[in-house]
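In: got a predicted model here, sequence first, then my questions.
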Amino acid sequence: MKTILKLLSALALLILPVVPLLQLTGIGSAELTKSGLLVGTVLWFITAPFWMNKKTGNE
Amino acid sequence: MNNINMEDKNVSPVEPGKSKEDHGFSSNEYERQAVPESKTKGLSSFVGLFAGEHVAATELLIGPLFLARGVSAFDLIVGLFAGNLLAVLSWRYITAPIAVKKRLTLYFQLEKIGGRAIIDVYNVANGVLWCCLGGVFIYVSATALFVPLHIPDPLKTDWLPNGPGMVMVILAVGAVIVYIAAKGYDAVARFANISAPWMVLMFIVFGIVTLPSLGVHSISEFWEVANTSIWKGIPAEGASKFTFWHVMCFAWFGNMAWHLGMGDLSIFRYAKKASYAWSSAAGMYLGHYIAWITAGLLYAVQLQADPSNTSVVPGPMAYRVAGVSGIVLVILAGWTTANPVIYRAGLAFQAIHPKWSRAKVTAIAGVIAVVAAVFPGLGNNFLSIAMLYGIVLMPMGAVIFADHYFIKKLGMKEFYAERTGILVHWPPIIAWLASLGLCVILKYAVGMEEFFLCLPGWLCSGIVYLIVSKAMQKSHKLKETVV
């Protein structure tokens, strides 16, 4: 499960630069970029907290 | 001394954005002893700390403010590179060697040199400055809500809020931030860590996403557009022009309290080798190079859409190019940086009177920060506020530097207050006042801009400290002989 979450987090971070690059090269639009950034942002924040920076039991 | 006092007397100057504790650089451990060799940390810990710590809310103000000062593309790109390099070299060759040799915090070294009383003075200065910084972060965060709530942007020349709506939004955002800070900011610090990779990428995204709007569709077009349409070298009305030297000095001295001011002794005392201070390049070139440049691009898009709109308001700027994600970034960048700053301001004030409740003192510091946040003038003049922070705190770094390298060579004793058991050893305080006095004279009598004051002030502090020490250490020695 943790591996899947990490993969989804990685995908989220991948989406962030890719969508504006598509816009830069003329493939995507400004609206697509904004939507893509929102998807990447939501995906990051619903997956990263479950595997990143987890407290250990004695903390 | 009890544990609470020991903790609170040593308020590490954590830069907004990250809790050093979350990277294992606890400011509450080994406060009154050298960090043991077994507790030192690897290079990657330092890279992670600096990379996360220096991408914060204020970058959203600094980049646009550079542009508003009419900096040219060459002066910005090369000036930032040079200034950040000088900052990295300062950490590497000034701060880290002392940190690794002594493995003590700034606070404990200052106490050994100048006595207990000087820490109280330092904490008051630090606390007040943190409240101002916290106010700026709250303001940045609140500007994200200006968009959905249709609050008009404050003008770049405004010091006062432009209406009750703006005041209400800032007070509401500030109240939430202060409440969380008073409760303790552990959860926020963890959330800040989770946000960090996303935030760094979002700043890079700002750079990419603005380019098509500015007429750049390939790398080869960038330099021409940068010179003709972005950093055109024309300052906003009423603003003085920024040159290469302004940019370089701001990049070098923007974090002076931490390198030449020795605040980061608290971090690098955990380093195995002084060379680990090269890790500061991660923070400088991600946060103070890329993020400042891309934040400037946000402002360029705004000016292109409406040249008369010179307001520097992060929320609307980020929303224009990145939509809702831009608003989220501005809220989080402000919130996650405001919380530790307000919490630390509370600790600094509490250090003066350890019996005060930490929650109450934090709440009071927070209220001061919220009041400061209501005035957009602080954000509009953030370049000067950042310099003020360095100018006020850096003289003590010069004292530590002089005490470490020169005091024995000149036939005097280092850590004089500790050796003699005196409560107040005056040379550091006189050096501090002399440095601040020189900066005031240079600013108001000579007309030197605040961006150039830090180096003369730092040198003045070190030299005055050595001269006054020469006189006063003798007199103390005589007294000891008489006794």
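Out: Nice, thanks for sending it over.
In: name the helix or strand for the residue most central in space within chain A, please.
Out: Taking C-alpha atoms, centre = their mean, the centroid of chain A lies closest to A:A12, which sits 1.7 Å from it. Element membership for A:A12 (DSSP states H and E) is helix A:2-24.
In: which elements pack onto the next helix or strand after that helix?
Out: Using DSSP H and E, the next helix or strand after helix A:2-24 towards the C-terminus is helix A:30-47. Secondary-structure packing of helix A:30-47 (3 or more C-beta pairs under 8 Å, 6 or more residues apart in numbering or on different chains; DSSP states H and E): helix A:2-24, helix B:186-213, helix B:314-322, helix B:324-352. Using the backbone N, CA and C atoms, a C-beta is placed for each residue, glycine as well.
In: which outside residues touch helix A:30-47?
Out: A:5-6, A:8-9, A:11-16, A:18-20, A:22-23, A:28, B:194, B:197-198, B:202, B:205, B:209, B:212-213, B:322-326, B:328 (C-beta atoms under 8 Å, 6 or more residues apart in numbering or on different chains).
In: poorly predicted segments of chain B, please.
Out: By pLDDT under 70, the low-scoring segments of chain B are B:1-29, B:185, B:475-483.
In: run through chain A and note the low-pLDDT ranges.
Out: Filtered on pLDDT under 70, chain A yields the residue ranges A:53-59.
In: residue of it closest to chain B, please.
Out: Nearest residue of chain A to chain B (C-beta to the nearest C-beta) works out as A:K34 at 3.2 Å.
In: what's the neighbour count on that residue?
Out: Using other C-beta atoms under 10 Å in any protein chain shown, A:K34 is surrounded by 21 other residues.
In: rebuild the helices and strands packed on helix A:30-47 as JSON lines, extending it with distance to B:P427.
Out: What follows is the helices and strands packed on helix A:30-47, written out as JSON lines (distance: least, C-beta to C-beta, whole Å):
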{"stretch": "helix A:2-24", "distance to B:P427": "52"}
{"stretch": "helix B:186-213", "distance to B:P427": "37"}
{"stretch": "helix B:314-322", "distance to B:P427": "43"}
{"stretch": "helix B:324-352", "distance to B:P427": "22"}
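In: circling back: buried ones in the helix holding A:A12?
Out: A:5, A:8-9, A:12-13, A:15-24 (16 or more other C-beta atoms under 10 Å in any protein chain shown).
In: for the residue nearest to the centre of chain A, give me its contacts.
Out: Contact analysis of A:A12 by C-beta under 8 Å, 6+ apart lists A:39-41, A:43-44, A:47-48, B:198.
In: quick one: residues contacting residue 50.
Out: Let's take chain A. Per C-beta under 8 Å, 6+ apart, neighbours of A:F50: A:2, A:5.
In: let's do chain B instead
Out: Each residue near B:F50 by C-beta under 8 Å, 6+ apart is listed here: B:279-284.
In: between the residues you listed, which is nearest B:K474?
Out: Among the contacts of B:F50, B:S280 lies closest to B:K474 (C-beta to C-beta), at 39.1 Å.
In: where does that closest one land in three-state SS?
Out: Classification of B:S280 by DSSP: H, G, I helix; E, B strand; the rest coil places it in helix.
In: assign the spatially closest residue to B:A251 that is not a sequence neighbour to helix, strand or coil.
Out: Leaving out its chain neighbours, the residue that sits closest to B:A251 by C-beta to C-beta, 6 or more residues apart in numbering or on different chains is B:G83, at 2.6 Å. Look at B:G83: counting by three-state DSSP, its state is helix.
In: and if you look at B:L423?
Out: Per three-state DSSP, B:L423 ends up coil.
In: pretty sure it sits against B:A117.
Out: Yes: with contact defined as C-beta atoms under 8 Å, B:L423 counts as touching B:A117 (5.8 Å).
In: neighbour count winner among those two?
Out: More crowded of B:L423 and B:A117, by other C-beta under 10 Å: B:A117, with 15 against 10.
In: next, the closest residue to chain A within chain B: phi, psi?
Out: Residue of chain B nearest chain A, by C-beta to the nearest C-beta: B:G323 (3.2 Å). Phi and psi for B:G323, reported as degrees, to the nearest 10, are phi 70, psi -140.
In: that one: what's it in contact with?
Out: A:34-35, A:37-38.
In: try 7 Å this time
Out: A:34, A:37-38 (C-beta atoms under 7 Å, 6 or more residues apart in numbering or on different chains).
In: how about B:W130: what's its closest non-neighbour residue?
Out: In space, B:W130 comes closest to B:A345 once its chain neighbours are excluded; the distance is 3.6 Å by C-beta to C-beta, 6+ apart.
In: if I look at the one you found, how far off is B:M199?
Out: Applying C-beta to C-beta, to the nearest Å, the value for B:A345 to B:M199 is 23 Å.
In: and the contacts of stretch B:390-400?
Out: Stretch B:390-400 is contacted by residues B:98, B:106, B:109-110, B:113, B:122, B:125-126, B:129, B:253, B:256-257, B:260-262, B:428, B:431-432, B:435-436, B:439, B:453-454, B:457-458, B:461-462, B:465 when judged by C-beta under 7 Å, 6+ apart.
In: those in strands, which ones?
Out: Counting by DSSP state E, none of the members of the contacts of stretch B:390-400 fall within strands.
In: just those that are near chain A?
Out: Applying C-beta under 7 Å from any C-beta of the partner chain, the subset of the contacts of stretch B:390-400 adjacent to chain A is empty.
In: ok, the most centrally placed residue in chain B - contacts?
Out: Compute the mean C-alpha point of chain B, and by C-alpha atoms, centre = their mean the closest residue is B:N255, 5.1 Å away. Counting by C-beta under 7 Å, 6+ apart, B:N255 touches B:A87.
In: gap between stretch B:290-299 and the chain center?
Out: Mean-position distance between stretch B:290-299 and its chain equals 18 Å (C-alpha atoms, centre = their mean, to the nearest Å).
In: swap in stretch B:298-308?
Out: What separates the centre of stretch B:298-308 from the centre of its chain is 28 Å, taken as C-alpha atoms, centre = their mean.
In: extract the CA atoms of it and return them as CSV.
Out: Output in CSV follows, covering the C-alpha atoms of stretch B:298-308 (Å, rounded to 0.1, in the frame of the first residue of the first chain):
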residue,chain,number,x,y,z
LEU,B,298,4.6,36.4,-11.8
TYR,B,299,4.9,40.1,-11.4
ALA,B,300,6.0,40.6,-15.0
VAL,B,301,2.8,38.8,-16.2
GLN,B,302,0.7,41.1,-14.0
LEU,B,303,2.4,44.2,-15.4
GLN,B,304,2.0,42.9,-18.9
ALA,B,305,-1.7,42.4,-18.4
ASP,B,306,-2.1,45.9,-16.8
PRO,B,307,0.9,48.2,-16.6
SER,B,308,-0.9,50.4,-14.2
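In: ok, it near chain A or not?
Out: No: residues of stretch B:298-308 are not located near chain A by C-beta under 7 Å from any C-beta, the shortest gap being 10.9 Å.
In: residues of that stretch that come out buried?
Out: For stretch B:298-308, by 16+ other C-beta under 10 Å, it's B:298-303.
In: find the nearest non-adjacent residue to B:L133, please.
Out: Nearest to B:L133 is B:V341, by C-beta to C-beta, 6+ apart, at 5.2 Å.
In: an error on my part: the question was meant for B:N126.
Out: Of all residues not flanking B:N126 in the chain, B:A348 sits nearest, at 4.8 Å (C-beta to C-beta, 6+ apart).
In: roughly how far apart are that neighbour and B:L388?
Out: Taking C-beta to C-beta, one finds B:A348 at 16 Å from B:L388.
In: more crowded one of the two?
Out: The residue with more neighbours, out of B:A348 and B:L388, is B:A348; 25 against 16, by other C-beta under 10 Å.
In: show me the contacts for B:T58.
Out: Counting by C-beta under 7 Å, 6+ apart, the residues that B:T58 touches are B:136, B:382.
In: and what of B:P197?
Out: Contact analysis of B:P197 by C-beta under 7 Å, 6+ apart lists A:L13.
In: surely B:G70 touches B:F242?
Out: Yes: B:G70 is within contact range of B:F242, at 6.3 Å (criterion: C-beta atoms under 7 Å).
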